[in-house]
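>>> what's the 3D shape of this:
(chains A, B, C, D, E and F)
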4 protein chains.
Amino acid sequence: MAAILEATAQVLESEGYERTTTSRIAERAGVSVGSLYQYFPTKDALVAELVERHFDEVSSRMLGTLAELGEASAEAAVEVIVEAIVDLHRPHPVRHGAFNELLLRMDGLELLDRFGAHVEAAVAEVLAQRREPLGLADPELSAQVLCRAVSGLVRTTLRRDPERFADPAFQRELARLIHRYLL
Amino acid sequence: MAAILEATAQVLESEGYERTTTSRIAERAGVSVGSLYQYFPTKDALVAELVERHFDEVSSRMLGTLAELGEASAEAAVEVIVEAIVDLHRPHPVRHGAFNELLLRMDGLELLDRFGAHVEAAVAEVLAQRREPLGLADPELSAQVLCRAVSGLVRTTLRRDPERFADPAFQRELARLIHRYLL
Amino acid sequence: MAAILEATAQVLESEGYERTTTSRIAERAGVSVGSLYQYFPTKDALVAELVERHFDEVSSRMLGTLAELGEASAEAAVEVIVEAIVDLHRPHPVRHGAFNELLLRMDGLELLDRFGAHVEAAVAEVLAQRREPLGLADPELSAQVLCRAVSGLVRTTLRRDPERFADPAFQRELARLIHRYLL
Amino acid sequence: MAAILEATAQVLESEGYERTTTSRIAERAGVSVGSLYQYFPTKDALVAELVERHFDEVSSRMLGTLAELGEASAEAAVEVIVEAIVDLHRPHPVRHGAFNELLLRMDGLELLDRFGAHVEAAVAEVLAQRREPLGLADPELSAQVLCRAVSGLVRTTLRRDPERFADPAFQRELARLIHRYLL
DNA sequence: CATGAATGAGACTTCATTCAT
DNA sequence: TATGAATGAAGTCTCATTCAT
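Numbering: from 1, shown residues only, chains lettered A, B, ... in the order given. Take a look at the predicted model:
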């Protein structure tokens, strides 16, 4: 079952969604289509499970990072967060890009929205705790704007210049974007 | 032909890409499949044409706005740009979202990249002209970061809360994101 | 109308049957599809007319040659016939080949059979007139065998080495085939 | 798979090429279109396979017969060959006719030419061995002429009077054609 | 009469899913 | 439980033919 999920990820990453068929997945996983359907009722369920796991991990890592910020200074906090984002995407930038694309094909995009909402809420909470020093009128709105801007930047860069993530200049600008927005 | 393009946009908007078939398009356009193929050699060509037109318009409107900034103050310039972005997306927010999704399905994403690179270059130029007062070390990088962050914010909001575009608070935050990033 | 028939022949010759469409024919003829259907009720009717004309000409030329043999010696007669066959195919060998292929696509092959039967009958008559000197038991059967063998040789050569028709060695062998068979 | 090939042959034989569709084949074979495409990548590949098998058999049987001629007298050799030709076509004359038609539709006719060239070469070899007693100037040319004439006769007869193959008179004339041509 | 845009039946092919072995 | 051949709905595209202009 893990093999099937991994095979799906690989096929998705190397062939693209359109060319990702159940037979190809089974072949890559070294099992038969039949076995695939023993574990997943549907192709969509398989893909959904994969995407869910992916974003659960992304989500929990970001949430973990946010939880550990504690009383850190704004500057330090931003630095930690940027580092987390970079560490998260550096190992498999292309695969992350593929999963982001994937989300858009899934009905209703509930998954992405669920994940996005989750992270946005966590960020909102962090911002609410620092409301006064930052002078934020509406921490929830700020969290939304910030999360969407940052993830858009990450997503596009992932797709257009994946290697950019290793560039300190890029990381500096990412930190600047966050830091300045929050003043 | 215009009817076919419009029908394609409608089907895409209401049914999503996966359910957008040539027959459905033809039906919605009130013509037969044959007619569709009289004007477009391929389903992909049809969609590509549609997307191209859409982003040509978006692109040219944004480029026009940038060209008119002239010597305006940074504050005024940001205000004008935000207004342009909002005006651009307010009329058909859902459709804009659909087109953004669509881009990701097209081979190589050349179109989006072409469009994105185009706008990024124009923004880089504007920033380069104001390099000193803004204290920008690398206007090109700043343009990339800014464009990707802003379009990510716009894209996600388009999908999750399209009506948000009418909210002055959102517009204020968008302006703030840009303004603060550039100092 | 002549233009349409000629265009059909050209398209058939250059593109092959599978790629011969009514639009291509109309385009080559410099008219519209509509005009084409003004003169021919059906694509098949158009092709049939073309084939009919072609074989009417072939047929009548061969029949004319046979009629002129008169009392000529067997040797002279064979020489005249071979010359006629060669003269008939030399100008447009490829087109003749195309028409032969074409025949096989037409329903029931009535046309080819009608033409073939016609020529076979004429040859049978000539052979019947010379029954005794040639020592023929069944001139009708001999005519069939001879005609089918000769036209098979011509057909295959037309397709595989069209230029062969100009080769005197080939012509000699063709004459030999006929002459020897009849003793 | 054998069932599919057999069904294809049957449909081809009874309906003609134009009316031979993948669905009809599948239906006749008692399977679904899907199964058909499990074994053959393309309709053309299926037909090609069928034709190839057919002509491989025809070819190898004729080649075998030629190889067994040994030192037999010319008369005996001709008799053996005619018998082989007749035995080959008598069981399914109509199907043989259908396959001959079929060849002409296949791209480039490579198959027929390959088969034809093969047999012509074998015949040329046999003739070359008997060059002197037969007084042949150019055994290769003679082989070509002979093969094309004979196969033309066979083909046409197959199509117009298939039952003729059982007639001793026809067989006598076929032998005569060959024998006399070679003197 | 000519035109050519429109039509739509139907061909080929794919692939998610099932089920007998 | 695993297998993978079989299924068939559905999609894309072609082209002979029609008919309003």
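>>> so what's the closest residue to chain B within chain A up against?
Per C-beta to the nearest C-beta, residue A:152 is where chain A lies closest to chain B, at 0.7 Å. All C-beta atoms are positioned from the backbone trio N, CA, C, and that covers glycine. Residues in contact with residue A:152 (C-beta atoms under 8 Å, 6 or more residues apart in numbering or on different chains) are B:148, B:149, B:150, B:151, B:152, B:153, B:154, B:155, B:156.
>>> out of these, who has the most neighbours?
residue B:149 (28 neighbours; other C-beta atoms under 10 Å in any protein chain shown).
>>> which one is the residue of chain A closest to chain B nearest to, not counting chain neighbours?
residue B:152 (0.7 Å; C-beta to C-beta, 6 or more residues apart in numbering or on different chains).
>>> Now that neighbour: which helix or strand?
Secondary structure from DSSP states H and E places residue B:152 in helix B:139-160.
>>> just checking, next helix/strand downstream of that helix?
Assigned by DSSP H and E, the successor of helix B:139-160 is helix B:168-181.
>>> Next one: residue A:107, what pLDDT does it get?
For residue A:107, the pLDDT comes out at 60.
>>> and if you look at the one 10 residues further on?
The score at residue A:117 is 88. That number is its pLDDT.
>>> need the contact list for it.
Applying C-beta under 8 Å, 6+ apart, no residues contact residue A:117.
>>> Now the helix holding residue B:152: average pLDDT?
Computed over helix B:139-160, the average pLDDT equals 93.
>>> related to what we said a few turns ago, make CSV from the contacts of residue A:152 and add distance to residue A:174 to it.
Formatted as CSV, these follow (distance: C-beta to C-beta, whole Å):
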residue, distance to residue A:174
B:148, 10
B:149, 9
B:150, 14
B:151, 16
B:152, 12
B:153, 14
B:154, 18
B:155, 18
B:156, 17
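>>> so which helix or strand takes in whichever residue of chain A sits closest to DNA strand F?
With C-beta to the nearest atom of the strand, the shortest gap between chain A and DNA strand F falls at residue A:34, namely 2.1 Å. Taking DSSP H and E as the definition, one finds residue A:34 inside helix A:33-39.
>>> model confidence over that helix, on average?
Rounded mean pLDDT across helix A:33-39 is 96.
>>> For residue A:61, give its distance to residue A:143.
To residue A:143, residue A:61 is 18 Å away according to C-beta to C-beta, to the nearest Å.
>>> what does residue A:7 give?
Taken as C-beta to C-beta, the span from residue A:7 to residue A:143 is 37 Å.
>>> what's the answer for residue A:170, then?
23 Å.
>>> hey, where'd the helices end up in chain A?
A:2-15, A:22-29, A:33-39, A:43-67, A:74-89, A:93-105, A:110-129, A:131-134, A:139-160, A:168-182 (DSSP state H).
>>> The fourth one near DNA strand E at all?
Yes - Helix A:43-67 lies in contact with DNA strand E when judged by C-beta under 7 Å from any atom of the strand; the contacting residues are A:43, A:44.
>>> Tell me the spacing between the nearest residue to residue A:151 once chain neighbours are set aside and chain C.
Distances taken as C-beta to C-beta, 6+ apart place residue B:152 nearest to residue A:151, at 6.1 Å, with adjacent residues excluded. To chain C, residue B:152 is 48 Å away according to C-beta to the nearest C-beta, to the nearest Å.
>>> what does the helix or strand of chain A with the lowest mean pLDDT contact?
For chain A, scoring each helix and strand by mean pLDDT, DSSP states H and E identifies helix A:93-105 as the least confident one, at a mean of 81. Residues from elsewhere that reach helix A:93-105, judged by C-beta under 8 Å, 6+ apart: A:9, A:12-13, A:16-17, A:47, A:51, A:54-55, A:89, A:109, A:111-112, A:155, A:158-159, A:162-163, A:165, B:17-18, B:101, B:104-105.
>>> Please pick the buried ones from the residues you listed.
A:9, A:12-13, A:47, A:51, A:54-55, A:89, A:109, A:111-112, A:155, A:158-159, A:162, A:165, B:17, B:101, B:104-105 (16 or more other C-beta atoms under 10 Å in any protein chain shown).
>>> Now do the contacts for residue A:81.
A:65, A:66, A:69, A:178.
>>> Specify the angle between the helix holding residue B:152 and helix A:139-160 in degrees.
Inter-element angle recorded for helix B:139-160 and helix A:139-160: 120 degrees (by axes from the mean of the first three to the mean of the last three C-alpha atoms, to 10 degrees).
>>> what angle separates helix B:139-160 from helix A:168-182?
Going by the same axes, to 10 degrees, helix B:139-160 makes 60 degrees with helix A:168-182.
>>> What parts of chain A come near chain B?
Residues of chain A lying close to chain B by C-beta under 8 Å from any C-beta of the partner chain are A:17-18, A:101, A:104-105, A:107, A:109, A:113, A:116, A:138, A:141-142, A:144-146, A:148-157, A:159-160, A:169-170, A:173-174, A:176-177, A:180-181, A:183.
>>> Tell me how far the residue nearest to residue A:152 lies from residue A:115.
15 Å.
>>> just residue A:70 next, same as before
24 Å.
>>> Repeat that for residue A:104.
Distance from residue A:104 to residue A:115, by C-beta to C-beta: 13 Å.
>>> cool, and residue A:22?
For residue A:22 relative to residue A:115 (C-beta to C-beta), the value is 25 Å.
>>> Neighbour count: the two, which is higher?
Neighbours were counted for residue A:22 and for residue A:115 using other C-beta under 10 Å; residue A:115 has more, 20 against 16.
>>> Quick check, that one in contact with residue A:58.
Yes - using C-beta atoms under 8 Å, residue A:115 is in contact with residue A:58, at 7.2 Å.
>>> Next, the angle from the least confident helix or strand of chain A to helix B:93-105.
Using the same axes, to 10 degrees, helix A:93-105 lies at 140 degrees relative to helix B:93-105.
>>> How about helix A:93-105 and DNA strand E, touching?
No - if you take C-beta under 7 Å from any atom of the strand as the test, helix A:93-105 misses DNA strand E, and the best it gets is 11.8 Å.
>>> Would you mark the buried spots in that helix?
Neighbour-count burial for helix A:93-105 [16+ other C-beta under 10 Å]: A:93, A:95, A:96, A:97, A:98, A:99, A:100, A:101, A:102, A:103, A:104, A:105.
>>> same question, stretch A:46-61
Residues A:46, A:47, A:48, A:49, A:50, A:51, A:54, A:55, A:58, A:59 are the ones in stretch A:46-61 that count as buried (16+ other C-beta under 10 Å).
>>> which one is the first one nearest to, not counting chain neighbours?
When the adjacent residues along the chain are set aside, residue A:46 lies closest to residue A:40, with 4.0 Å between them (C-beta to C-beta, 6+ apart).
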